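Asks: With the sequence up front, the predicted model follows.
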Amino acid sequence: MEAFLQATGLESAITTDQPSEPSPLVAANAASVEAWKNYEVVFKAWKEIDTKAIGNIRLRISPSIRILAKEYSDTAKKLWNYLAKTYNVKSLGAVFNDFAAAMAIKIPYKQNPLSSMMEIGMDVTSTRMDLAGHWSCLTTRALILLSKLPHVYSGRIQTMSQP
């Protein structure tokens, strides 16, 4: 959807806020009158882009989500942020692929395991699997890293893990 908004020139609606009003209009002050004229032009252009963006976003979401998001449809940016916060979640398949990639990394037997462990840690951290609390526990991360160490380290791991 973001790519569509970019292609149609409507991306600014989800990245910029509504223009702010100038100070109260003073008819005797030419600068004040000019500021309000400029504001009206800028606001009209912003409102046109914003209305088009809201319409395009709402056309592309399901009717049930459209109803839930109705109260956030004041501006395109507000609607976009609500949808991103609520539905911008990795699918289970994407999370599984990230996890499988982390688990496929081998730690070499005769080399320092730190670089491979850092790579696994980055894969695990980038999965955003905290959706269900799976990666919120540092112990789980540590166990995965320890399970990837070469067999030679198993005796040391057993010794260090004893209370």
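Replies: Ah, there it is.

Asks: Residue ranges of each domain in the protein, please.
Replies: Taking automatic domain parsing as the reference, the chain has its domains at 2-87, 92-161.

Asks: I'd like those as CSV, with mean neighbour count and mean pLDDT appended.
Replies: Quick note: C-beta positions are derived from backbone N, CA and C, even for glycine. Output for the domains of the chain, formatted as CSV (neighbours: other Cβ atoms under 10 Å; pLDDT from 0 to 100):
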stretch, mean neighbour count, mean pLDDT
domain 2-87, 14, 90
domain 92-161, 13, 66
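
Asks: ranges for the helices of the chain?
Replies: Here the chain has its helices, by DSSP state H, at 2-7, 12-15, 30-59, 63-68, 76-87, 92-104, 114-126, 138-147, 154-161.

Asks: Contacts made by the second one with the rest, please.
Replies: It refers to helix 12-15. 2, 5, 46, 49, 50, 52, 53, 54, 75, 76, 77, 80 (Cβ atoms under 8 Å, 6 or more residues apart in numbering).

Asks: Closest one of these to residue 118?
Replies: Closest to residue 118 out of those is residue 2 (31.2 Å), distances taken as Cβ to Cβ.

Asks: ok, back up a step: in JSON lines, list the helices of the chain along with distance to residue 24.
Replies: Output for those, formatted as JSON lines (distance: least, Cβ to Cβ, whole Å):
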{"stretch": "helix 2-7", "distance to residue 24": "34"}
{"stretch": "helix 12-15", "distance to residue 24": "27"}
{"stretch": "helix 30-59", "distance to residue 24": "8"}
{"stretch": "helix 63-68", "distance to residue 24": "38"}
{"stretch": "helix 76-87", "distance to residue 24": "26"}
{"stretch": "helix 92-104", "distance to residue 24": "52"}
{"stretch": "helix 114-126", "distance to residue 24": "50"}
{"stretch": "helix 138-147", "distance to residue 24": "55"}
{"stretch": "helix 154-161", "distance to residue 24": "70"}
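
Asks: Go through those helices and name the closest to residue 22.
Replies: Taking those one by one with Cβ to Cβ, helix 30-59 is closest: 3.9 Å.

Asks: which helices and strands sit right next to the closest one?
Replies: Here helix 30-59 touches helix 2-7, helix 12-15, helix 76-87, going by 3 or more Cβ pairs under 8 Å, 6 or more residues apart in numbering; DSSP states H and E.

Asks: tell me the angle of that helix relative to helix 76-87?
Replies: Interaxial angle of helix 30-59 relative to helix 76-87 (axes from the mean of the first three to the mean of the last three Cα atoms, to 10 degrees): 40 degrees.
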